[in-house]
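**Q** Could you work out the structure for the sequence below:
(one chain, ligands or ions: 1)
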Amino acid sequence: MRIILLGAPGAGKGSVGRPLSSQLEIPVISTGDIFRSNISGRTKLGLTAKGYMDRGELVPDGLTVSIVEDRIAQSDCAKGFILDGFPRNTFQASELDRILEKANLKIDLVLNVHLSDERIIQRLSSRMVCSSCGESYNRMSKDTSMPGICDLCGGRVSVREDDAPETVRKRLETYYLQTMPLIDFYRERGILSTIDNDCTIEEGSKRALEAVRNALPDHMSGHGRL
Ligand code: AP5
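**A** Coordinates of the predicted model:
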């Protein structure tokens, strides 16, 4: 199954994507995580991406599309994948169509994770992220067991640089201008499902899973882990 997670920064795409990934046994492809790991590794891509991310702008399409094209072609994506944070504008969406058409594939579900700006700002101001495995925590709703240490991998947990209030405002602006039009783009194709994520993390995951069940292609309706 191939899924796109759409939604504003901080709406909870990563938090619903991880459990879906283990239930469906398909990888999450997060363009944001790919850029962040390149920033940590001080690669050329990381150096370029950092400037855009620090300003709350989109990394240029040329770079982003080729990363996704290469990643989708890897063998662990053969059964499907979950795209988190891609596409983010109509150009990227049409490039994704081109990439998938070449491989005779299609997207089964676009899961639009919705949360009000007010709640997004609250959640992002208390978010912490593991610098090793990318697991997301929150001082209000999902704290680490030991301060600053990731429960999953023991990595260092810290505030994401682009979660500074000024940058969050700019990221939201970028979302409304460039990404939100994709909601209608995919609704018109009949593959959009929206979940309200103003609920607990567990409830958000349940809602996401239900949307996936409703969208499962017939040949997968007996998928054991769902
Ligand atoms: P990216 O890393 O994709 O960030 P984002 O889209 O801004 O989304 P976030 O990761 O901030 O939030 P999320 O929706 O995953 O929420 P989360 O689950 O963490 O992109 C970063 C940057 O990279 C972009 O600004 C851009 O510059 C660049 N980029 C990436 N993709 C690109 C592309 N395609 N093209 C060009 N540039 C690109 O949840 C947030 C917090 O809330 C967490 O603390 C979590 O624990 C908590 N939480 C989640 N759900 C709940 C709940 N139900 N109840 C309580 N707390 C919850």
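**Q** Quick check: closest non-adjacent residue to whichever residue of the chain sits closest to the ligand.
**A** Proximity of the chain to the ligand (C-beta to the nearest ligand atom) peaks at G32, 1.9 Å away. Where you see a C-beta, it was placed from the backbone N, CA and C, and this is true even at glycine. Closest residue to G32 apart from its sequence neighbours, by C-beta to C-beta, 6 or more residues apart in numbering: G85 at 4.9 Å.
**Q** Identify each buried residue in the helix of greatest length in the chain, please.
**A** Counting residues, the longest helix found in the chain (DSSP state H) is helix 201-215. Buried residues in helix 201-215, counted by 16 or more other C-beta atoms under 10 Å: 201, 204-205, 207-209, 211-212, 215.
**Q** Keep only these that also lie close to the ligand.
**A** Among the buried residues of helix 201-215, the ones lying near the ligand by C-beta under 6 Å from any ligand atom are 201, 204.
**Q** Same list (the buried residues of helix 201-215) but as JSON lines, adding pLDDT.
**A** Below are those laid out as JSON lines (pLDDT from 0 to 100):
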{"residue": "I201", "pLDDT": "94"}
{"residue": "G204", "pLDDT": "97"}
{"residue": "S205", "pLDDT": "97"}
{"residue": "R207", "pLDDT": "98"}
{"residue": "A208", "pLDDT": "98"}
{"residue": "L209", "pLDDT": "96"}
{"residue": "A211", "pLDDT": "97"}
{"residue": "V212", "pLDDT": "96"}
{"residue": "A215", "pLDDT": "91"}
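**Q** With respect to R123, which of the buried residues of helix 201-215 is nearest?
**A** For the buried residues of helix 201-215, the residue nearest R123 by C-beta to C-beta is I201; the value is 10.5 Å.
**Q** list the contacts for that closest one?
**A** Taking C-beta atoms under 8 Å, 6 or more residues apart in numbering as the criterion, I201 is in contact with 12, 15, 141-142.
**Q** Cross those residues against strands and list the overlap.
**A** Among these, DSSP state E puts none in strands.
**Q** quick one: contacts for Q122?
**A** By C-beta under 8 Å, 6+ apart, the contact list for Q122 reads M140.
**Q** what bridges to the most centrally placed residue in the chain?
**A** Centroid-nearest residue in the chain, with C-alpha atoms, centre = their mean: D84, separated by 2.4 Å. Beta-bridge partners of D84, counted by DSSP bridges, are L5, S30.
**Q** number of nearby residues for D61?
**A** 14 (other C-beta atoms under 10 Å).
**Q** how about it, what does it touch?
**A** Neighbours of D61 in contact, by C-beta under 8 Å, 6+ apart: 89, 91-92, 95.
**Q** Kindly identify which of those residues also come near the ligand.
**A** Subset of those in contact with the ligand: Q92, counting by C-beta under 6 Å from any ligand atom.
**Q** Quick one: buried ones out of the contacts of D61?
**A** Looks like those have 89, 92, 95 buried, using 16+ other C-beta under 10 Å.
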